[in-house]
Structures are given as structure tokens and as C-alpha cells.
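# Need coordinates for the below:
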Amino acid sequence: MELRDYHVHLEQGPYTVEWVKKFLEEGKKRSVEEIGFSEHCYRFYQAKHLWRSDGPRGRWHEERATKDIEEYIKLVEDAKKQGFPIKLGIEVDYIPEWEDEIKYFVSFYPFDYVIGAVHWLGDFGFDNPDFMSEWESRDIYKTYIEYFEVLTNAIFSGIFDIIAHIDVIKVFGHKTEKDLSPIYQKVAKAMQKSKVCAEVSTAGLRKPVGEIYPSPDIMIQLKNYEIPLIINSDAHRPEDVGRDFDKALEYVRSFGFKNLCYFEKRKSFFYKI
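Just a heads-up that it's a prediction; the model follows:
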């Protein structure tokens, strides 16, 4: 079976065709025949206004917005022209107060798809080790509720084609014992209405939580509402492309899913698994 991996980051190496080829070579070992590169939007100085804040969030991004998005796009587009089986994507954090600016920004470039993610609750970077100590003073259940409210707004924003690692809030192993089924149902209904694709990510297996994103309880709701899926690795280095896709395929099939989606020029298509 030929697979696709659309959540892959180039950020640990140079923007060169040689670096792109390393990801393709490693992917082929795991039957990944097409790769979608989706750099973090916050890396680009053209986008640093999308995270502006007087607090830690603004400072954190100001330090990291050092790359030129035009250089990134040119690399991927040039590699496409050379015949490499790749797609141009981007991963964008959803910040509610800058929704309009984010929408305009992503519409300005020729992406094949846009991945949406929530990594910040105000100035709390909940999945960032730099901010992990704040969990000690947090009510886990209330934090989950806040996270999924922001995620639902991201889904309804109409900005994104794919929603990444839906329950990344669990990354460090913080979990609530309270029933979140109604929240998960609300998320799935929002995805159905907004016609977005849900990411099943193997990255969680490489994180402290040691689990695929999303959880079985969320997968049940995604199946109930027939939300299209995509399996991604969130690879930040070549050797992680397609990693644990065998486990992910078994996982999605166990809930009755028979197809995965892929994208071209912001339109979705499907292939059987």
C-alpha cells in the first residue's frame, strides 16, 4: 500500500533539495510515497504578528520568527517541478484574537493544505516543556474544557483543511477522570459541519503520554459523524517519516474507517486502506 504523510517539518535542516530527499528516502522504507511538508508558521518573520502578545507567547515567537516563508515555498515548489512527490503545506496555530489575520495570511500563499493546531491557551504553551511548570497550578479538567473550546472555534473558523493532534493537551500525561464525551461529540459535529479532516498522529507514541492522538473516545465520535481521516507522523527529522504507521492503520481500521484523505490545492481526495 502506498501511504502519505502530510505533517512533516524541515526545520532541523537547511532548505535544500538534498534535505528534502532524505525525508523521501526514509519515507519509502515505510511505504510513504508522498510527503507533505508543513513547516510551523511561527518560524517565519512574515507571520510573527499572528502570535503577538505582551506576555510569554509574544516573546517566545519573536525569538523564533527568523526564516523567510518565500524561501520555504520556493524550495517545495522547485522540488515539485523536479518531479518529487511532495506537497506544500503549513501548520498554523489558532490564536482566537488574531483569527482574521490568520485567515488572510494563509490565503495569500499557494498551499496544498493548511493544518490547524492549538498550542496556546492565552500565554500558556501547554504542550511546550518551557511552560510545563504551569501545569502544577492548573485545574486539569478546566484546562481541558478551555482547550477544546478553542479547538472548536478553530474548526469553525474555516481556515484549516486538517485539524492536528486533536487531544495534544494530554501530551505530558495530564488527564482528567471526568467524562468528556459531550465535548468530543461537539468537536466531531463541528468538524462535520466545517468539512475538515481529522489527523490521526503517531507523534503521541514518541511523547511522554505514549499514545496515538486522538484517544479511542474521540475516535468513536469521529466515526459516528464520518469525519475523514489522515494519518500523519509529525516528523521533525527524516527517520520519523511514516513512523508507527502500521500501528495507526490498525488503529483506524479498528473503528471501521476504510479510507484516508489527501490534498491538492486545498481540495480533498480519498484513497482506500
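
# And the strands in the protein, which stretches?
Counting by DSSP state E, the chain has strands at residues 3-8, 32-40, 86-93, 113-117, 162-163, 197-201, 229-232, 259-264, 267-272.

# In a markdown table, list those along with mean pLDDT, distance to F148 and mean neighbour count.
The way it works is simple: take the backbone N, C-alpha and C, and place the C-beta from them, glycine included. Below are the strands of the chain laid out as a markdown table (pLDDT from 0 to 100; distance: least, CB to CB, whole Å; neighbours: other CB atoms under 10 Å):
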| stretch | mean pLDDT | distance to F148 | mean neighbour count |
| --- | --- | --- | --- |
| strand 3-8 | 98 | 20 | 26 |
| strand 32-40 | 98 | 22 | 22 |
| strand 86-93 | 98 | 16 | 23 |
| strand 113-117 | 98 | 13 | 25 |
| strand 162-163 | 98 | 12 | 26 |
| strand 197-201 | 98 | 14 | 24 |
| strand 229-232 | 98 | 19 | 26 |
| strand 259-264 | 97 | 23 | 18 |
| strand 267-272 | 96 | 24 | 12 |
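
# Would you mind finding the longest helix in the chain?
Identified as the longest helix of the chain according to DSSP state H is helix 140-156.

# got a list of contacts for that helix?
Contacts with helix 140-156, where a contact means CB atoms under 8 Å, 6 or more residues apart in numbering, come from 94, 96, 99, 116-118, 121, 126, 135, 160, 163, 166, 169, 174-176, 178, 180, 183-184, 186-187, 190-191, 193-194, 196.

# Tell me how far that helix lies from the chain's centre.
Averaging C-alpha coordinates over helix 140-156 and over its chain gives two centres that are 16 Å apart (CA atoms, centre = their mean, to the nearest Å).

# okay, now Y104: neighbour count?
Y104: 11 surrounding residues under other CB atoms under 10 Å.

# so where is the protein shaky, pLDDT-wise?
The chain contains no residues with pLDDT under 70.

# contacting residues around K29?
Applying CB under 8 Å, 6+ apart, the residues near K29 are G242.

# Would you convert the strands of the chain into JSON lines that also reports distance to A65?
Listed next are these as JSON lines, based on distance: least, CB to CB, whole Å:
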{"stretch": "strand 3-8", "distance to A65": "21"}
{"stretch": "strand 32-40", "distance to A65": "10"}
{"stretch": "strand 86-93", "distance to A65": "12"}
{"stretch": "strand 113-117", "distance to A65": "17"}
{"stretch": "strand 162-163", "distance to A65": "23"}
{"stretch": "strand 197-201", "distance to A65": "24"}
{"stretch": "strand 229-232", "distance to A65": "24"}
{"stretch": "strand 259-264", "distance to A65": "26"}
{"stretch": "strand 267-272", "distance to A65": "30"}
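
# Show me which of the contacts of helix 140-156 are buried.
94, 99, 116-118, 121, 126, 160, 163, 166, 169, 174-175, 180, 183-184, 186-187, 190-191, 194, 196 (16 or more other CB atoms under 10 Å).

# Among these, which lie within helices?
99, 183-184, 186-187, 190-191, 194.

# F105: which of these is nearest?
Taking CB to CB as the measure, E99 is the one of these closest to F105, at 10.8 Å.

# that older thread, and the ones in helices among the buried ones among the contacts of helix 140-156, which two are furthest apart?
Every pair of those checked by CB to CB; the farthest is E99 and Y184, at 23.0 Å.

# Roughly how far does R64 sit from E211?
28 Å (CB to CB, to the nearest Å).

# still on that earlier bit, name the residues of the longest helix of the chain that come out as buried.
143-144, 146-152, 154-155.
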